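Participant: everything below, folded, please.
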Amino acid sequence: MRRNISEQGMKSVREVVEAVEKKNGTRQFVRFCINGVIAAAIHYAVYFLLQFWIDLNISYTVGYLVSFVYNFFATNYFTFHTTPTWKNFMGFAGSHGVNYVLHIVLFIVFIHLGVHRLIAPPLVMLVAMIVQFTILRFVFVKWGNNSKKNSNFAP
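Facilitator: As a prediction, this is how the structure comes out:
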């Protein structure tokens, strides 16, 4: 009896994994989340180190900019399997402009509401994640160059 339950459980896990593998958007979202965790860790680490010496908003912004550089290249190569192009860069920068405004407004609101300065950034990042994925998927897959063969980006 236990073996049947275990086999059924493994079959269910295999079915879920196969379903994820078949859906490109789902795989992209998983890679987006992995990349986002790394970018968020970079952002938070820079913010955490700087917030002791400079204004919270400035340290938050510097952390955002440092993670932006990493995030652009990782989003291209890892998340959407594209190559960096100026068109992708402009779309990425535009989406991150919108994302930054969302971040800083939420950050200020959370701080104003009394959320501790070390807790506010993860809350902001969580809220902004879905919005950013939707924008970037459009930029890199629908609008941008989704081929690795044509790269005309020279950093």
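Participant: run through who's touching the host helix or strand of V127.
Facilitator: Element membership of V127, judged by DSSP states H and E, is helix 120-137. Here helix 120-137 makes contact (Cβ atoms under 8 Å, 6 or more residues apart in numbering) with 25, 28-29, 32-33, 36, 40, 43-44, 47, 60, 75, 79-80, 92, 95-96, 98-99, 102-103, 106-107, 110-111, 115. To be clear about C-beta, it is placed using only N, CA and C from the backbone, and glycine gets the same treatment.
Participant: most centrally placed residue in the protein?
Facilitator: G36 (3.1 Å; Cα atoms, centre = their mean).
Participant: any idea which element that residue lies in?
Facilitator: Judged by DSSP H and E, G36 forms part of helix 24-50.
Participant: quick one on the thing from earlier: mind saving the C-alpha coords of the helix holding V127 as CSV?
Facilitator: Coordinates of the C-alpha atoms in helix 120-137 are reproduced here as CSV (Å, rounded to 0.1, in the frame of the first residue of the first chain):
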residue,chain,number,x,y,z
ALA,A,120,10.7,47.1,3.8
PRO,A,121,13.0,46.2,0.8
PRO,A,122,12.0,42.5,0.6
LEU,A,123,8.3,43.5,0.8
VAL,A,124,8.8,46.0,-2.0
MET,A,125,10.6,43.4,-4.2
LEU,A,126,7.8,40.9,-3.6
VAL,A,127,5.1,43.3,-4.7
ALA,A,128,7.1,44.5,-7.8
MET,A,129,8.1,41.1,-9.1
ILE,A,130,4.9,40.1,-11.0
VAL,A,131,4.7,43.6,-12.7
GLN,A,132,8.3,43.4,-13.8
PHE,A,133,8.1,39.9,-15.2
THR,A,134,5.1,40.9,-17.3
ILE,A,135,6.8,43.9,-18.7
LEU,A,136,10.1,42.1,-19.4
ARG,A,137,8.5,39.1,-21.1
